[in-house]
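Trainee: here's my sequence, what's the structure:
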Amino acid sequence: MSTESFEQIGQAVVKCHKMGVKQVLVKLGAKGSVLFIEGEKPIRQTIISAARVLDTTGAGDNFTAAFAGALVEGKTMEECMRFAAAAASLCVQVKGAIPSMPDRTSVLHLLQTV
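Mentor: As a prediction, this is how the structure comes out:
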């Protein structure tokens, strides 16, 4: 199915919920991200602006990994989304997939400044 608009994404998520998927995390690039939890209001996260964007390679993977890490630590879903957005913001400011992966300290520092 097409997922060009937010409405279409919502329709796709409903199908996922009907198949038993309880949570769907959607990355929207420069438009941020949204977490759909069955039976709850979607959690939207705007991007955390980067001083400069050099390379978006790995930003989505970085976002997902940071979200998962925060989730394992017991953070709220909102905190997970914000942490992931900060990690992605730092990622796009460095060229290359591996060199652009920020460390935890850098992500926490960014979150203190925004």
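
Trainee: give the buried residues for stretch 17-27.
Mentor: Within stretch 17-27, the residues that qualify as buried are 17, 24-27, counting by 16 or more other C-beta atoms under 10 Å. Quick note: C-beta positions are derived from backbone N, CA and C, even for glycine.

Trainee: any weak-confidence spans in the protein?
Mentor: Across the chain, nothing is flagged by pLDDT under 70.

Trainee: ok, which stretches of it are strands?
Mentor: With DSSP state E as the definition, the chain shows strands at residue ranges 23-27, 33-37, 43-45.

Trainee: circling back to that earlier point, show me which of the buried residues of stretch 17-27 is closest to Ser5.
Mentor: Using C-beta to C-beta, Val26 comes nearest to Ser5 of the buried residues of stretch 17-27, at 12.1 Å.

Trainee: excluding its backbone neighbours, what's nearest the closest one?
Mentor: Nearest residue to Val26 in three dimensions, chain neighbours excluded: Val34, at 5.1 Å (C-beta to C-beta, 6 or more residues apart in numbering).

Trainee: okay, and the beta partners of Ile43?
Mentor: Here Ile43 sits in beta bridges with Leu35, going by DSSP bridges.

Trainee: I'd guessed it sits against Gly32; true?
Mentor: No. The criterion here is C-beta atoms under 8 Å, and Ile43 misses it with Gly32 at 10.6 Å.

Trainee: would you reformat the buried residues of stretch 17-27 as TSV and include distance to Ala50?
Mentor: Formatted as TSV, the buried residues of stretch 17-27 follow (distance: C-beta to C-beta, whole Å):
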residue	distance to Ala50
His17	33
Val24	26
Leu25	21
Val26	20
Lys27	15
